[in-house]
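K.L.:
For reference, the sequence and a predicted model appear below.
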Amino acid sequence: MFLFLFRILKLSFQDIFRNIWLSIVTVTILILALFSINSLITVQVISQNAIEAVKEKIDINLYLTNTASEEQILSLKSQLEELEQVKNVNYISKQEALLSFREKNEKNPEIIQALRELGKNPLSPTLVIMPSSSEQAPELINILRGYQSNIIESRDFTDNSIILEKINNITDKVNQVGMVIIIVFVVTSLIVVYNSIRVAIYTHRREINIMRLVGASGSFIYMPFIVSAIIYSIFSMGVIVAAFYPFLSLLQPYLEVFFVGYNIDIIGYFFSNFWQIFGLELLLVILVNVLASLVAVRRYAKI
Amino acid sequence: MIKIFDISKYYNPKFPVLDNVSLHIRPGEFVSIVGQSGTGKTTLVKILTGEERVDSGKVIVGEWDITKLSRNQIPYLRRQIGVIFQDFKLLPKKTLSENIAFALQVCSQSPAKIKKIVPSVLSIVGLEDKGHRYPNEVSGGEQQRAAIARSLVHQPKILLADEPTGNLDSINANEIIELLQKINNFGTTVVLVTHNREIVNRLRKRVITMDEGRIISDQEQGKYIIR
């Protein structure tokens, strides 16, 4: 068995090196196909992060009157928390609001000076309401618009649904285009692998003929070509794994700048899902290539 | 050894390549199958090696009914039958020894066995000192000898020689025929397909003459019949 495998491997490597340029083209096409698939996964991860980031930004602020007592505010807070559309309600007192305002504007001496000249805290206590989900945000906004309470001074509804819709639309478009690119590359890979095996069979026609003549088993004749297809797949996958992480490292700083304040770790995502992504891709690419080479062998290497 | 019952083979439905051919070759016989080009001799060889299937009839080689053989069984049939051709079918980038060893390697023989068999078959064909040479470094006759040596690696009971002297001058051709006779003397059934009249007439062995896919003559110690 070991001898059989050793001889099959030897013949496979002979196939690959005798048609080295064709092998390079085959591997290049496979790499491009795999790169397009992984790029699409990256886009998916980024858009998912973007959606989450925007969803987190949906907050509804109720500015309360300066005269509202702590008791009234906490009572309103617990009434709002009982609404099923509400995830949580955060109470920011006047003092907390002032502290936060000062922190945000510490590099702006004019504003700090104006605040000092005012002599009193001009900010109102605020209730920051987080919806249970982004889908429930419009409903919650409607409820709060009609919500009657004499301590509510003003209401601020930051509606991010349009941004979410835009992100979803862009993601869908990217996915559609990506799928077309993947299909094109997968079909091209199939054709290229099929033709590579065909040419390898043609180059080995004398050997195949002699193998048949002297009674080599069918598996001994066609296995080298199948193994060649597997070697192409493993090599392409190896190149993609080796090249994709540096690519992600280049991308990561840009993403960190773009999603400032959010924890987006694309390299971490690919590391933690290594086998689910690259393992599955390897299995798929082997399956597709073996199928293509089996068809070529059955058609051209008549056993 | 070889029993053929009413076989027919068509590539074109109107013109049979073999038309109700029947013959019986006994173990250890030396049989020449003669006839002009296109009379079905090579098709007959291809049928005997399982390369072609008959459209009707039955072929028994040894204990195998080869008309019922599955694709997986054909390699085992081929290991029972040695075949040589006019164009030798040697791999140019391998030495004569490597060409012979290749036939054993592809049939999963161990390196120890290969090391033992290759020199012995080379010695049978008289090439014991030329195994290290490449096909283009030896004569046509020697290439055919190497091909014969390769066909002997599985110790076949039958040796099919399809025009083995077609590419050789008369001296080399005679040497090859002598070698085939020597192999026949060891007990191997030899089927020689040829249209070399001189060789057939000198052999004085059984001659089967074919014409238009039919056997028109089958004579013990026969001669080449010109139609």
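P.N.:
On my side now, so go ahead.

K.L.:
which stretches of chain B aren't confidently modelled?
P.N.:
Applying pLDDT under 70 to chain B flags residues B:226-227.

K.L.:
Go ahead and flag the most central residue of it.
P.N.:
Residue closest to the average C-alpha location in chain B (C-alpha atoms, centre = their mean): residue B:160, at 1.6 Å.

K.L.:
what residues are up against that residue?
P.N.:
B:45, B:48, B:49, B:81, B:82, B:83, B:84, B:191, B:193 (C-beta atoms under 8 Å, 6 or more residues apart in numbering or on different chains). From N, CA and C alone the C-beta is placed, and that goes for glycine too.

K.L.:
mind listing the strands for the chain?
P.N.:
I went with chain A, as the question did not name one. A:60-64, A:86-92, A:126-131, A:152-157 (DSSP state E).

K.L.:
Can you look at chain B instead?
P.N.:
Going by DSSP E, chain B shows strands at B:2-12, B:15-25, B:30-34, B:56-61, B:64-65, B:81-85, B:158-162, B:189-194, B:206-211, B:214-219.

K.L.:
Tell me, how many residues neighbour the closest residue to chain B within the stretch 1-150 of chain A?
P.N.:
Residue nearest to chain B within the stretch 1-150 of chain A (C-beta to the nearest C-beta): residue A:4, separated by 5.4 Å. Number of residues near residue A:4 (other C-beta atoms under 10 Å in any protein chain shown) recorded here: 14.

K.L.:
Nearest spatial neighbour of it, chain-adjacent residues omitted?
P.N.:
Of all residues not flanking residue A:4 in the chain, residue B:108 sits nearest, at 5.4 Å (C-beta to C-beta, 6 or more residues apart in numbering or on different chains).

K.L.:
so the one you found touches residue A:5, yeah?
P.N.:
No. Counting by C-beta atoms under 8 Å, residue B:108 does not reach residue A:5; the two are 10.6 Å apart.

K.L.:
mind checking how far residue A:31 is from residue A:20?
P.N.:
As judged by C-beta to C-beta, to the nearest Å, residue A:31 and residue A:20 stand 16 Å apart.

K.L.:
my bad, residue A:151
P.N.:
Distance from residue A:151 to residue A:20, by C-beta to C-beta: 80 Å.

K.L.:
cool, residue A:231 as well?
P.N.:
For residue A:231 relative to residue A:20 (C-beta to C-beta), the value is 13 Å.

K.L.:
thinking again about what came up before, the residue nearest to residue A:4: neighbour count?
P.N.:
Residue B:108 has 13 nearby residues by other C-beta under 10 Å.

K.L.:
now swap in residue A:179 and tell me
P.N.:
Using other C-beta under 10 Å as the criterion, the residues surrounding residue A:179 number 12.

K.L.:
and it, what does it touch?
P.N.:
So residue A:179 contacts residue A:40 (C-beta under 8 Å, 6+ apart).

K.L.:
excluding its backbone neighbours, what's nearest the spatially most central residue of chain A?
P.N.:
For chain A, the residue nearest the mean C-alpha position is residue A:45 (2.0 Å; C-alpha atoms, centre = their mean). Beyond its immediate neighbours in the sequence, the residue positioned closest to residue A:45 (C-beta to C-beta, 6+ apart) is residue A:269, lying 5.3 Å away.

K.L.:
quick revisit: more neighbours: residue A:151 and residue A:20, which one.
P.N.:
A count of neighbours by other C-beta under 10 Å puts residue A:151 above the other of residue A:151 and residue A:20, at 18 against 9.

K.L.:
which residues does residue 89 contact?
P.N.:
The chain I'm using is chain A. Taking C-beta under 8 Å, 6+ apart as the test, what residue A:89 contacts is A:77, A:80, A:81, A:127, A:128, A:129, A:130.

K.L.:
Let me rephrase: I mean chain B.
P.N.:
A:206, A:209, A:210, A:213, B:147.

K.L.:
how about 10 Å then?
P.N.:
A:206, A:209, A:210, A:213, A:214, B:83, B:99, B:143, B:147, B:150, B:151 (C-beta atoms under 10 Å, 6 or more residues apart in numbering or on different chains).

K.L.:
In JSON lines, list those residues along with distance to residue A:156 and neighbour count.
P.N.:
What follows is those, written out as JSON lines (distance: C-beta to C-beta, whole Å; neighbours: other C-beta atoms under 10 Å in any protein chain shown):
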{"residue": "A:206", "distance to residue A:156": "82", "neighbour count": "13"}
{"residue": "A:209", "distance to residue A:156": "83", "neighbour count": "14"}
{"residue": "A:210", "distance to residue A:156": "84", "neighbour count": "21"}
{"residue": "A:213", "distance to residue A:156": "87", "neighbour count": "22"}
{"residue": "A:214", "distance to residue A:156": "86", "neighbour count": "24"}
{"residue": "B:83", "distance to residue A:156": "92", "neighbour count": "26"}
{"residue": "B:99", "distance to residue A:156": "88", "neighbour count": "25"}
{"residue": "B:143", "distance to residue A:156": "95", "neighbour count": "24"}
{"residue": "B:147", "distance to residue A:156": "94", "neighbour count": "29"}
{"residue": "B:150", "distance to residue A:156": "91", "neighbour count": "29"}
{"residue": "B:151", "distance to residue A:156": "94", "neighbour count": "26"}
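
K.L.:
my read: residue A:130 touches residue A:86, true?
P.N.:
Yes. Using C-beta atoms under 10 Å, residue A:130 makes contact with residue A:86 at a distance of 7.2 Å.

K.L.:
before we move on, the earlier item: next up, phi/psi of the residue nearest to residue A:4, please.
P.N.:
phi 60, psi 40 (degrees, to the nearest 10).

K.L.:
give the contact list for it.
P.N.:
Contacts for residue B:108 (C-beta under 10 Å, 6+ apart) come out as A:1, A:3, A:4, A:7, A:216, A:217, A:220.

K.L.:
Check residue A:36 too.
P.N.:
Residue A:36 touches A:178, A:179, A:180, A:181, A:182, A:183, A:184, A:185, A:186, counting by C-beta under 10 Å, 6+ apart.

K.L.:
Looking at those, spot the one nearest chain B.
P.N.:
residue A:186 (31.2 Å).

K.L.:
residue contacts, that closest one?
P.N.:
Counted by C-beta under 10 Å, 6+ apart, residue A:186 has contacts A:29, A:30, A:33, A:34, A:36, A:37, A:284, A:285, A:288.

K.L.:
The last one against residue A:190, yeah?
P.N.:
Right, the one you point to is residue A:288. Yes. In terms of C-beta under 10 Å, residue A:288 counts as a neighbour of residue A:190; the distance is 6.3 Å.

K.L.:
what do those two both touch?
P.N.:
residue A:33.

K.L.:
tell me the domain ranges of chain A?
P.N.:
A:2-54+A:163-300, A:58-159 (automatic domain parsing).

K.L.:
most packed of those domains?
P.N.:
domain A:2-54+A:163-300 (a mean of 17; mean count of other C-beta atoms under 10 Å in any protein chain shown).

K.L.:
Between its first and last residues, how far does that domain reach?
P.N.:
27 Å (C-alpha to C-alpha, to the nearest Å).

K.L.:
Extract the C-alpha trace of stretch A:81-97 and format it as PDB.
P.N.:
Provided in PDB are the C-alpha atoms of stretch A:81-97 (Å, rounded to 0.1, in the frame of the first residue of the first chain):
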ATOM      1  CA  GLU A  81     -38.000  50.200  31.300                       C
ATOM      2  CA  GLU A  82     -41.300  48.300  31.400                       C
ATOM      3  CA  LEU A  83     -41.900  48.900  27.700                       C
ATOM      4  CA  GLU A  84     -41.100  45.800  25.700                       C
ATOM      5  CA  GLN A  85     -39.400  47.800  23.000                       C
ATOM      6  CA  VAL A  86     -36.900  49.100  25.500                       C
ATOM      7  CA  LYS A  87     -33.700  47.300  26.300                       C
ATOM      8  CA  ASN A  88     -32.400  49.700  29.000                       C
ATOM      9  CA  VAL A  89     -32.700  53.300  30.100                       C
ATOM     10  CA  ASN A  90     -29.700  55.200  31.300                       C
ATOM     11  CA  TYR A  91     -30.200  58.200  33.500                       C
ATOM     12  CA  ILE A  92     -27.600  61.000  33.200                       C
ATOM     13  CA  SER A  93     -28.000  63.500  35.900                       C
ATOM     14  CA  LYS A  94     -27.300  67.300  35.400                       C
ATOM     15  CA  GLN A  95     -23.900  66.900  37.100                       C
ATOM     16  CA  GLU A  96     -22.900  63.900  35.000                       C
ATOM     17  CA  ALA A  97     -24.000  65.700  31.900                       C
END
